[in-house]
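Undergrad: Return atomic coordinates for the entry below.
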Amino acid sequence: LEAFGLALLVHHFQPEASLLLAAGIFAAASLGGALTFLPGGLGGTELLMVALLTAIGLSGAEAALVTAVCRLATLWFGLALGLIAV
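TA: Numbers count the residues shown, from 1 in each chain. Reported below is the predicted structural model:
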């Protein structure tokens with residue numbers, strides 16, 4: 001579902017991008033972020049996601065916006081719910 005959310009965001013800027021492409025970008029960025037050994041892949045995931053999104057044709061600003069919204073909706077929303085629960 002997180003990859004589907006990324007696909008919806010990417011589709012806004014590049015309608016011809018497929019769900020499979022967005023899912024691949026999300027998966028590769030998540031795996032790359034895991035290699036940083038930081039909680040949630042902070043830093044590495046975002047850098048790789050921006051790089052991959054610019055590689056498929058989004059501008060740097062568009063890629064940064066899509067990445068920020070995606071990470072806000074997937075990582076930070078869950079973190080906020082967890083903090084509230086604690």
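
Undergrad: For this protein, just list every one of the helices.
TA: Using DSSP state H, the helices of the chain run over 2-13, 19-34, 44-55, 60-71, 77-85.

Undergrad: export those helices to a markdown table and tack on mean neighbour count and mean pLDDT?
TA: All C-beta atoms are positioned from the backbone trio N, CA, C, and that covers glycine. Output for the helices of the chain, formatted as a markdown table (neighbours: other CB atoms under 10 Å; pLDDT from 0 to 100):
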| stretch | mean neighbour count | mean pLDDT |
| --- | --- | --- |
| helix 2-13 | 18 | 93 |
| helix 19-34 | 17 | 94 |
| helix 44-55 | 20 | 95 |
| helix 60-71 | 18 | 95 |
| helix 77-85 | 9 | 87 |
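
Undergrad: how close does residue 69 get to residue 12?
TA: Residue 69 sits at a distance of 10 Å from residue 12 (criterion: CB to CB, to the nearest Å).

Undergrad: and if you look at residue 51?
TA: For residue 51, the distance to residue 12 - CB to CB - is 19 Å.

Undergrad: same question, residue 41
TA: Taking CB to CB as the measure, residue 41 and residue 12 are separated by 24 Å.

Undergrad: again with residue 56
TA: If you go by CB to CB, the gap between residue 56 and residue 12 works out to 14 Å.

Undergrad: repeat for residue 26
TA: In terms of CB to CB, residue 26 sits 16 Å off from residue 12.

Undergrad: Likewise for residue 84?
TA: Remark: distance between residue 84 and residue 12 (CB to CB) = 29 Å.

Undergrad: ok, now residue 53?
TA: From residue 53 across to residue 12, the span is 12 Å (CB to CB).

Undergrad: now residue 1
TA: Here residue 1 is placed at a distance of 17 Å from residue 12 (CB to CB).
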